[in-house]
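Chemist: no letters, just coordinates:
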C-alpha cells in the first residue's frame with residue numbers, strides 16, 4: 001500500500017504513512033504484506049503537482065512502480081474547487097500508473113453544508129460533488145464528521161464516516177481535575193490550567209447539536225445546558241432566545257463540527273460570558289481557516305479553540321490547539 005497526498009493535507013498524509021509503517025513492524029495480520037518493514041517515507045508516494053500557464057492543474061506520478069492498493073489523502077478545503085479537480089486528476093494518474101484499488105481519504109468534505117436545496121433555483125451541490133468524486137472510480141471513501149450524515153446516501157460506493165469526538169474526549173478528560181475520585185492532570189500544552197468537574201458544563205449551542213452535545217457531556221460525566229436560538233435563513237442573523245440552565249461561575253465546553261466564519265460561535269461565547277461563564281472552550285473537527293477568521297477568533301471571548309488537522313494551515317495562535325486524526329485514519333485503513 002502507498003499513501004499519496006494532494007496539496008491540501010501533506011502533513012496528515014506523512015503522519016498516516018509513518019503510523020502505517022510503525023504498525024507494520026508489529027507484524028499485524030491486518031497490515032498488507034507489502035507494507036511490512038517499510039519506513040513511513042517509503043510508504044509515502046511522490047507526486048509532482050504544478051500548474052500550466054493557463055491555470056490548469058498538472059499531475060505527474062514520480063514513482064517507478066505504483067502499488068496495486070493506494071490511498072489518496074485530499075481535503076476539499078480552500079481553494080475548494082482546485083483541490084477537487086486535483087483529487088480527480090491524481091486518482092486518474094494513479095490508475096494509469098498501475099493502481100487497481102484506490103481508497104480516498106477526504107478528511108473535510110467540501111460542499112457538505114450545501115446538502116439541501118434551500119431556495120428555488122439552487123443546485124443540490126453536495127450530491128453533485130459526490131457524483132464528481134465517483135467518476136474517479138475509487139473503491140471507498142473515508143471522511144470525518146459530515147455536516148449531515150444524509151450526504152453518505154449521495155454516494156454509490158462505501159463511505160466510512162469517522163469522528164474526531166474521541167480525540168476531544170481524550171483532550172478534555174486530560175484537563176478535568178476530578179477531586180472527588182480521581183486526579184487527571186491538565187494535558188501538557190493545554191491553554192487552560194485544568195478544569196474542575198464541579199464547575200464545568202457542556203453547552204449545546206443550537207437544536208442541531210443537542211444529541212451530539214448530550215452524548216459528549218455523558219462521556220465526560222458533565223451536566224449539559226441547551227441554548228435556544230433562532231436563525232433567519234435569509235439574513236443569517238441568529239438570536240438567543242434563552243437557556244435551559246445556568247452557566248454562572250462555570251467553565252463551558254462547546255463541541256461543533258466546523259468553524260467557517262466563526263461569527264455564530266463568537267456571538268455564543270460573548271453571550272455565555274455575559275451570563276457569567278468563567279471560560280469558553282470550543283472544540284470543532286473542521287476549522288476551514290476562512291480569511292481573517294482566526295484573527296477574529298483571537299480577539300473574541302473564546303478562551304480556547306481545539307480543532308483537528310482535517311484541514312491544514314500553517315500558523316501560530318495562542319488560542320488554537322490542533323489534534324491529529326492520523327491514528328483514526330490508520331485504524332480505518334486496517335479494517
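Modeler: Good, I have the coordinates. Bear in mind the structure is a predicted one, so any value in this text is a computation, not a measurement.
Chemist: domain map for this protein?
Modeler: Using automatic domain parsing, the domain parsing of the chain gives 2-163+330-334, 165-309.
Chemist: please name whichever of the ones you listed is nearest to residue 321.
Modeler: Residue 321 lies closest to domain 165-309 among those, at 5.0 Å (Cβ to Cβ). The way it works is simple: take the backbone N, C-alpha and C, and place the C-beta from them, glycine included.
Chemist: mind checking which of the domains of the chain is nearest residue 323?
Modeler: domain 165-309 (4.6 Å).
Chemist: just to revisit the earlier point, comparing the domains of the chain by mean pLDDT, which bottoms out?
Modeler: Of all those, the minimum mean pLDDT falls on domain 165-309 (a mean of 85).
Chemist: now do that domain: distance from first to last residue.
Modeler: Domain 165-309 has an end-to-end distance of 13 Å (criterion: Cα to Cα, to the nearest Å).
Chemist: still on that earlier bit, adding mean neighbour count, write the domains of the chain out as a markdown table.
Modeler: A markdown table is the format used below for the domains of the chain (neighbours: other Cβ atoms under 10 Å):
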| stretch | mean neighbour count |
| --- | --- |
| domain 2-163+330-334 | 17 |
| domain 165-309 | 17 |
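Chemist: need the ones you listed in CSV with distance to residue 319, can you?
Modeler: Listed next are those as CSV, based on distance: least, Cβ to Cβ, whole Å:
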stretch, distance to residue 319
domain 2-163+330-334, 20
domain 165-309, 5
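Chemist: nearest to residue 320, out of the ones you listed?
Modeler: Residue 320 lies closest to domain 165-309 among those, at 5.1 Å (Cβ to Cβ).
Chemist: how far does that closest one sit from its chain's centre?
Modeler: Distance of domain 165-309 from the chain centroid (Cα atoms, centre = their mean, to the nearest Å) equals 16 Å.
Chemist: tell me where the stretch 101-250 of the chain has helices.
Modeler: Assigned by DSSP state H, counting those that start in this stretch, the helices in the stretch 101-250 of the chain fall at 125-134, 165-175, 210-220.
Chemist: please name whichever of these is nearest to residue 19.
Modeler: For residue 19, the closest of those is helix 165-175, at 14.3 Å, according to Cβ to Cβ.
Chemist: and the angle from the longest helix along the chain to helix 125-134?
Modeler: Secondary structure of the chain per DSSP state H: the longest helix is helix 80-96. Orientation check (axes from the mean of the first three to the mean of the last three Cα atoms, to 10 degrees): helix 80-96 against helix 125-134 gives 20 degrees.
Chemist: and helix 80-96, what does it pack against?
Modeler: When contacts are defined as 3 or more Cβ pairs under 8 Å, 6 or more residues apart in numbering; DSSP states H and E, helix 80-96 packs onto strand 47-51, strand 57-61, strand 69-73, strand 101-106, helix 125-134.
Chemist: the last one to strand 101-106, inter-axis angle?
Modeler: Just to be clear, that refers to helix 125-134. Using the same axes, to 10 degrees: helix 125-134 against strand 101-106 is 150 degrees.
Chemist: would you format the helices of the stretch 101-250 of the chain as a markdown table with distance to residue 66 included?
Modeler: Compiled in a markdown table, these are given as follows (distance: least, Cβ to Cβ, whole Å):
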| stretch | distance to residue 66 |
| --- | --- |
| helix 125-134 | 20 |
| helix 165-175 | 32 |
| helix 210-220 | 39 |
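Chemist: ok, which of the ones you listed comes nearest residue 156?
Modeler: Distance to residue 156, taken as Cβ to Cβ, is lowest for helix 125-134 among the helices of the stretch 101-250 of the chain, at 6.3 Å.
Chemist: touching the closest one from outside, list them.
Modeler: 76, 84, 87-88, 104, 106, 109-115, 141, 148, 151, 154-157 (Cβ atoms under 8 Å, 6 or more residues apart in numbering).
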